[in-house]
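1. Got a sequence here, can you build the structure:
(2 chains)
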Amino acid sequence: MNKLKWGLRLLTVCCVIFPLLFTFSVYQNNLLGMIVPPQIMNLMSGQNNQNSNNENALTSLFGIDPDNFVSPTLVGEPQFDNTTNTLSVNLNFTNPLGNQSLAINSMSVKVTDGNGTVLATLQLAHPVTLAPGQSGILSIDGAISEENMAYLANSNSTSLEGLQLSDFNADIGGIQVHLDNLNDLMS
Amino acid sequence: MKKTQFKKVNWIGLASGILLIAVTCLSIFYPWWQLKISDFVYANISPFNTNFSILGTIFLIPLLFAINISSLLILTISSILMIIYSINPTKSYSKQLLCWSYKKPLYIVISFIVVLVVITLLVQYIASQYANVSINIPLMGTSVIQIPSEILGGSGVEIGIAVSGSFQLPFWLAIVATALCIAARLYHGRVAKAPKTEPATATSPTETAATDETA
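-> All right, here's what the predicted structure looks like:
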């Protein structure tokens, strides 16, 4: 019985030691490689060799194509529905990530005039999930109240020129972004 | 007339052994605990398969991989030995097998919980001390990491990152399997001490030989 007992103990030791020894033997010349993922090690060695290519290596590691980083483009003309006083805007957006889908869960922005009056709140009509590298349409709409319609009708053109996009909120893949004023960012 | 004699089996041990095999197989594909930082960063933590995913790229740490293989071997052997013990609980070697195999899942589950708690506390401490970011990593549930405006370098900009942690199915199965292993150990006393039932019509060896010849 003692043989079995010691045999089982030996088995435990072997199960623990052999995988560790194997890893140690593979990385014996580079112990840092035991605790750093191989992709990061490659990146680090690339950094040592060619500093200029470091950014490219990083973007290729995460499958990011810098050319895909483009601002959303307007699709067609903004539409205004007179019956519901709803403004609709369609934007074309491309997911710049090569390995990761991108979910735009919510987005909203307040449109104010030069006097700070909130004319409408534009928001994403429905959440959009884009596969890696895929393009999609973001439908953004917002209703304008009767009061604001009357206000706009009475306003002169100069006050309409100073439209502001403020209180921007977005939830992009669980990252919640808030900007007090979107015009500052766009200018 | 002969009475049918059922072989003694430690059914609790058998159930725990089978469940341990199921846990081992499931754990290769599903983590015990998953940390999700927005949709872009995942940490899949398990004694058998630990990896990290950033923007869809999966990272493995070789040392952790070796420890995972060790745990996988130990739990696989443990479950096999538990099954062997369970179908032969009265053999002379059975208790040795049971004592070796029932402890291993317990050690693995306890080690996993301790390491998980220590790592989350350590990350929270390092983030608050060195990055000046207050992070709450929930073991179960969701929280939001608020990026300080000093880091963002401007007023009027706020960024919050949703962080959620959750224990997955293999973890709960491992807890059940471990509880069954302990129950099997406690039940072993009853299985081993139960009186051996003799066949009702005991026949002597000579009689058996005679009946064999006539047949």
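2. and residue 95, what does it touch?
-> Looking at chain A here, since you left the chain open. A:68, A:101-102, A:130-136 (CB atoms under 8 Å, 6 or more residues apart in numbering or on different chains). Glycine gets a C-beta too; all of them are placed from N, C-alpha and C.
3. sorry, should have said chain B
-> Contacts of B:Lys95 by CB under 8 Å, 6+ apart are B:188, B:192.
4. Relative to the whole chain's centre, how far out is stretch B:93-113?
-> 10 Å (CA atoms, centre = their mean, to the nearest Å).
5. Any buried residues in it, and which?
-> Within stretch B:93-113, the residues scored as buried using 16 or more other CB atoms under 10 Å in any protein chain shown are B:94-98, B:100-102, B:104-109, B:112-113.
6. Restricting to C-alpha, output it in PDB.
-> Taking C-alpha atoms only, stretch B:93-113 is exported to PDB below (Å, rounded to 0.1, in the frame of the first residue of the first chain):
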ATOM      1  CA  TYR B  93      -6.000  -0.200  -2.600                       C
ATOM      2  CA  SER B  94      -9.300   1.700  -2.900                       C
ATOM      3  CA  LYS B  95      -8.900   4.000   0.000                       C
ATOM      4  CA  GLN B  96      -5.500   5.100  -1.300                       C
ATOM      5  CA  LEU B  97      -7.100   6.000  -4.600                       C
ATOM      6  CA  LEU B  98     -10.000   7.800  -2.900                       C
ATOM      7  CA  CYS B  99      -7.700   9.800  -0.600                       C
ATOM      8  CA  TRP B 100      -5.600  10.900  -3.400                       C
ATOM      9  CA  SER B 101      -8.400  11.800  -5.900                       C
ATOM     10  CA  TYR B 102     -11.000  13.500  -3.700                       C
ATOM     11  CA  LYS B 103      -8.600  16.200  -2.500                       C
ATOM     12  CA  LYS B 104      -7.300  17.300  -5.800                       C
ATOM     13  CA  PRO B 105     -10.500  19.100  -7.100                       C
ATOM     14  CA  LEU B 106     -10.800  20.700  -3.700                       C
ATOM     15  CA  TYR B 107      -7.200  22.000  -3.900                       C
ATOM     16  CA  ILE B 108      -7.800  23.300  -7.400                       C
ATOM     17  CA  VAL B 109     -11.100  25.100  -6.600                       C
ATOM     18  CA  ILE B 110      -9.700  26.700  -3.400                       C
ATOM     19  CA  SER B 111      -6.400  27.700  -5.200                       C
ATOM     20  CA  PHE B 112      -8.500  29.200  -8.100                       C
ATOM     21  CA  ILE B 113     -10.700  31.300  -5.800                       C
END
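7. and stretch A:14-21, average pLDDT?
-> In this model, stretch A:14-21 carries a mean pLDDT of 94.
8. The chain: helices as residue ranges?
-> Looking at chain A here, since you left the chain open. With DSSP state H as the definition, chain A shows helices at residue ranges A:2-26, A:38-49, A:54-61, A:146-154, A:157-161, A:182-186.
9. looking at chain B here, not the other one
-> B:11-29, B:62-87, B:94-130, B:149-152, B:169-193, B:205-214.
10. isn't B:Gly46 right next to B:Pro31, touching?
-> Just so we're on the same page, residue B:46 is Ser rather than Gly. Yes. Shown here, B:Ser46 and B:Pro31 form a contact pair, counting by CB atoms under 8 Å, at 4.4 Å.
11. Provide a list of residues in contact with the closest residue to A:Gly142 other than its chain neighbours.
-> The shortest distance from A:Gly142 to any non-neighbouring residue, by CB to CB, 6 or more residues apart in numbering or on different chains, is to A:Leu122 (3.8 Å). Shown in contact with A:Leu122 (CB under 8 Å, 6+ apart): A:87, A:89, A:108-111, A:140-142.
12. Out of these, which end up buried?
-> For the contacts of A:Leu122, a burial check counting by 16+ other CB under 10 Å picks out A:87, A:89, A:109-111, A:140-142.
13. hmm, back to that, out of the contacts of A:Leu122, who's nearest B:Leu81?
-> Using CB to CB, A:Ser108 comes nearest to B:Leu81 of the contacts of A:Leu122, at 59.7 Å.
14. picking that back up, among the buried residues of stretch B:93-113, which one lies nearest to B:Asn51?
-> Using CB to CB, those come closest to B:Asn51 at B:Phe112, 15.4 Å.
15. domains of chain A?
-> A:2-61, A:70-186 (automatic domain parsing).
16. wait, does the first one contact chain B?
-> Yes. Using CB under 8 Å from any CB of the partner chain, domain A:2-61 comes into contact with chain B via A:4-5, A:8, A:11-12, A:15-16, A:19-20, A:22-23, A:26-27, A:33-40, A:61.
17. Now list the buried members of these.
-> A:8, A:12, A:15-16, A:19, A:23, A:27, A:33-34, A:36-37, A:39, A:61.
18. Save those as TSV, and put in distance to B:Glu150 too.
-> Below are those laid out as TSV (distance: CB to CB, whole Å):
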residue	distance to B:Glu150
A:Leu8	57
A:Thr12	51
A:Cys15	49
A:Val16	46
A:Pro19	44
A:Thr23	41
A:Tyr27	39
A:Gly33	35
A:Met34	36
A:Val36	29
A:Pro37	30
A:Gln39	31
A:Leu61	29
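19. which ones are touching the closest residue to B:Phe171 other than its chain neighbours?
-> Nearest residue to B:Phe171 in three dimensions, chain neighbours excluded: B:Trp32, at 3.9 Å (CB to CB, 6+ apart). B:Trp32 sits next to B:45-47, B:112, B:167-168, B:170-171, B:174 when contact means CB under 8 Å, 6+ apart.
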